[in-house]
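Colleague: Here's a sequence, model it:
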Amino acid sequence: MNPEFAIDAYTKFGSNYVEGIVAPSVAEAVNAATAKYTIEELVEKRVELSDAMLDLTRERLEPYGITVIAVDITDHEFSDSYEAAV
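Modeller: Predicted coordinates for the structure are as follows:
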């Protein structure tokens, strides 16, 4: 976090800034990025998807002085019905 924004973030969110701004922003970015891909593309275009998530997460958190360095897709789970179909 950019030190210039630390006081403002603490004033708005207290020590819960992760729950207050980081987690919701990441969730929004993940949902927005994944919505653009088919289920097959989520696996095939993993790097492109990760880049899109990074860009969207940065856009959402930069106004709060939070610098996002990377987004890694480390695990993904598909429903049992999808797994059975493929």
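
Colleague: can you tell me which residues contact the most centrally placed residue in the chain?
Modeller: The residue lying closest to the centre of the chain (C-alpha atoms, centre = their mean) is Val26, at 3.0 Å. Taking C-beta atoms under 8 Å, 6 or more residues apart in numbering, we find Val26 in contact with Thr57. For every residue, glycine as well, the C-beta is placed using N, CA and C.

Colleague: Adjust the sequence numbering to begin at 216 for everything that follows.
Modeller: In the new count, where the first residue is 216, that last one comes out as Val241.

Colleague: any chance you could map the helices in this protein?
Modeller: Counting by DSSP state H, the chain has helices at residues 218-228, 232, 238-249, 254-259, 261-276, 295-300.

Colleague: helices or strands next to the first one in the packing?
Modeller: Right, the one you point to is helix 218-228. Helices and strands touching helix 218-228, as assessed by 3 or more C-beta pairs under 8 Å, 6 or more residues apart in numbering; DSSP states H and E, are absent.

Colleague: And Tyr252, how far from Pro239?
Modeller: Tyr252 sits 21 Å away from Pro239, going by C-beta to C-beta, to the nearest Å.
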